[in-house]
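Trainee: Sharing a model prediction with you, sequence too.
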Amino acid sequence: SLKRTTDIMFGGKQVVVCGYGQVGKGCCQSLKNMGCVVYVTEIDPICALQAAMDGFQIIKLEKVIRQVDIVITATGNKNVVTREHMDKMKNGCIVCNMGHSNTEIDVLSLKTQDLTWEKVRSQVDHIIWPGGKRMVLLAEGRRVNLSCSSVPSFVVSITAATQALALIELFNAPSGRYKA
């Protein structure tokens, strides 16, 4: 979804992924395979160790925020990327959320009189600071993997329904029908 939505070349881009859970791991591996320099922020020491063992540099968001081209949240926590972080980002930085909640990026702090919102196309907004700096916000801070996906919603619902029916079958099946 990120590739389709941004339509940029990822090779050589510096990306910070906030969170190294299941979603964060997938993001990091995909970005690494596309040639990005990937940094990881993680507060859980076990997940941070996993990221380090997978070859990613663990760093605090405050230390890397001025140099990265893309910021991706995948934590499930609230206000992972704050207005203070966004004020420090470089011009053209892309910010998006792949995580579990719509509150990981503090979008409400961007809805002020001093900032201008410019809709580029569906799910892509430029937030313009008084000095002319632009930040690209995808899906208004909502989950990019759902909001910007090209998979039709009926396919997603059919998949979820099929998984639910499979779980019901496994739960109700007599013992021995399905062997582990």
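Mentor: Good, I have the coordinates. Only a predicted model underlies this, so the values are computations on that prediction, with no experimental measurement involved. Numbers count the residues shown, from 1 in each chain.
Trainee: Next, count neighbours for residue 42.
Mentor: Residue 42: 22 surrounding residues under other Cβ atoms under 10 Å. No exception for glycine: its C-beta is placed from N, CA and C like everyone else's.
Trainee: for the one 10 residues further on, same thing?
Mentor: Residues contacting residue 52 under the criterion other Cβ under 10 Å number 14.
Trainee: switch to numbering from 10
Mentor: Fine by me, first position is 10 from now on; the one you just mentioned is residue 61.
Trainee: Out of the helices and strands in the protein, which is least certain?
Mentor: Ranked by mean pLDDT, DSSP states H and E, the weakest helix or strand in the chain is helix 153-156, scoring a mean of 59.
Trainee: what's the average pLDDT for the top helix by length along the chain?
Mentor: When the chain is scanned for its longest helix (criterion: DSSP state H), the result is helix 162-181. Throughout helix 162-181, pLDDT has a mean value of 84.
Trainee: Where do the strands of the chain begin and end?
Mentor: 23-27, 46-50, 66-67, 79-82, 102-106, 125-130, 133-137, 143-147 (DSSP state E).
Trainee: Contacts for the last one, please.
Mentor: Okay, so that is strand 143-147. Residues outside strand 143-147 that contact it (Cβ atoms under 8 Å, 6 or more residues apart in numbering) are 11, 14-15, 95, 98, 100-106, 114, 116, 119, 129, 132-138, 153, 156-157.
Trainee: Same check on the first one?
Mentor: Surrounding strand 23-27, the residues in contact under the criterion Cβ under 8 Å, 6+ apart are 33, 36-37, 40, 45-51, 68, 70, 73-74, 76-84, 89-90, 113.
Trainee: Of those, keep whichever come out buried.
Mentor: Buried subset of the contacts of strand 23-27 (neighbour count, 16 or more other Cβ atoms under 10 Å): 33, 36-37, 40, 45-51, 70, 73-74, 77-84, 89-90, 113.
Trainee: OK, contacts around residue 56?
Mentor: Neighbouring residues of residue 56 by Cβ under 8 Å, 6+ apart: 28-30, 33.
Trainee: Tabulate those in JSON lines, adding columns for pLDDT.
Mentor: Output for the contacts of residue 56, formatted as JSON lines (pLDDT from 0 to 100):
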{"residue": "28", "pLDDT": "95"}
{"residue": "29", "pLDDT": "96"}
{"residue": "30", "pLDDT": "92"}
{"residue": "33", "pLDDT": "93"}
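Trainee: Give me the subset of those residues that lies in helices.
Mentor: Within those, residues falling in helices by DSSP H are residue 33.
Trainee: Can you tell me which of the contacts of residue 56 is closest to residue 185?
Mentor: Nearest to residue 185, judged by Cβ to Cβ, of those is residue 30 at 35.4 Å.
Trainee: What is the neighbour count of that closest one?
Mentor: Residues lying near residue 30 (other Cβ under 10 Å) number 16.
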